[in-house]
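Asker: Coordinates for the following, if possible.
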Amino acid sequence: MKRLLITAALIILISGCSKGNNASVDTSTVAKVGDVKISRDDYIKELKSLPEWARSRFQSDEDKDKFLDSIIEKEVLYAEAKKNRLEQDKEFAAKLEDFKKMNLITILLEKEIRDKVKIDDAEAKKYYDDNLEKYRKDAGVRASHILVETEKDGNFILAKLKNGDDFGKLARKFSKDEGSAQNGGDLGFFSRGSMVPEFEDAAFKLKPGEVSGLVKTQFGYHIIKVTDKSEGTQLDFEQAKDVIKRQLLSEKQRTAYQSYVNGLKTNAKIVKNTDVVSKIELPWEQK
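Answerer: As a prediction, this is how the structure comes out:
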């Protein structure tokens, strides 16, 4: 009986000690580097800074521990940099100033552009209604083109086409796009998003057999002939809405940014010394 009472007392004592130890565990700290504590919140903040594509790599306990090691390494290196007084380094001061400048600009643009410029469903719907042909699934055209360098050359070829010259023969003779020229200018079938916007918009507006006027792009002047067309299936507004809103928002933000900056520049005292700029040697061209 006496032995049982002693055993019971030991169990109670051990149990009491165990509870006391658990209560003293610091659950807000995930690691210490010297006197520096890395808190649970610090760890979560670092996790949140990961790009979307990388987040799936930190699911298991082993991966979480490796991520903690990377934070610890950063603290160790930071401590060593401070120990070497690199905070007083001129290069650090310059980089810090650049960092501060770019981050302040980012915050300013978030407040003045991103948070103020919005696209509502009504704007998106109007754009959709005005551009139905852009929102067709599996829509495509087969087109040929003749690419030339100057407007004068383009008008010369347009005149020949008007007089009945064969498009394919003219492409083989005059087109600067060597890849398609040998096939009479034929580019095959392509869908939206495959060509530069100016070329694409012009091609999709043509009916089979029609020839465009001069279409200017970054590559030069094009004359386009559509030889076949697949109308595809019309997407409804709900299917296209998110894409439209992203596109319109980007365009609206670009316009708002330019307007905002132009206003600031108008009120700023700006002096440009273009003579000095023109004489600056490009670093990568210096011997």
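
Asker: residue closest to the middle of this structure?
Answerer: Taking Cα atoms, centre = their mean as the criterion, residue 250 is the residue nearest the geometric centre of the chain, at 10.9 Å.

Asker: Mind telling me what element that residue is part of?
Answerer: Here residue 250 is covered by helix 237-267, with elements defined by DSSP states H and E.

Asker: Give the buried residues for that helix.
Answerer: 240-241, 244-245, 248-249, 253, 256, 260 (16 or more other Cβ atoms under 10 Å). Using the backbone N, CA and C atoms, a C-beta is placed for each residue, glycine as well.

Asker: Residue 119 is in contact with residue 249, correct?
Answerer: Yes: at 4.7 Å, residue 249 counts as touching residue 119 under the criterion of Cβ atoms under 8 Å.

Asker: thinking again about what came up before, could you give me the average pLDDT of the helix holding residue 250?
Answerer: The pLDDT scores in helix 237-267 average 95.

Asker: which other helices and strands contact that helix?
Answerer: Counting contacts by 3 or more Cβ pairs under 8 Å, 6 or more residues apart in numbering; DSSP states H and E, helix 237-267 packs against helix 121-130.

Asker: can you state the direction angle for the helix it packs on and helix 237-267?
Answerer: Put simply, helix 121-130 runs at 110 degrees to helix 237-267, going by axes from the mean of the first three to the mean of the last three Cα atoms, to 10 degrees.

Asker: Distance check, residue 270 against residue 98.
Answerer: For residue 270, the distance to residue 98 equals 21 Å [Cβ to Cβ, to the nearest Å].

Asker: So those two - more neighbours on which side?
Answerer: Between residue 270 and residue 98, counted using other Cβ atoms under 10 Å, the more crowded position is residue 98 (10 against 7).

Asker: Can you give me the first-to-last residue distance of stretch 107-123?
Answerer: 27 Å (Cα to Cα, to the nearest Å).

Asker: domains in the chain, as residue ranges please.
Answerer: What automatic domain parsing lists as the domains of the chain is 30-84, 136-234.

Asker: Check which helix or strand residue 38 maps to.
Answerer: In the assignment (DSSP H and E), residue 38 maps to strand 36-39.
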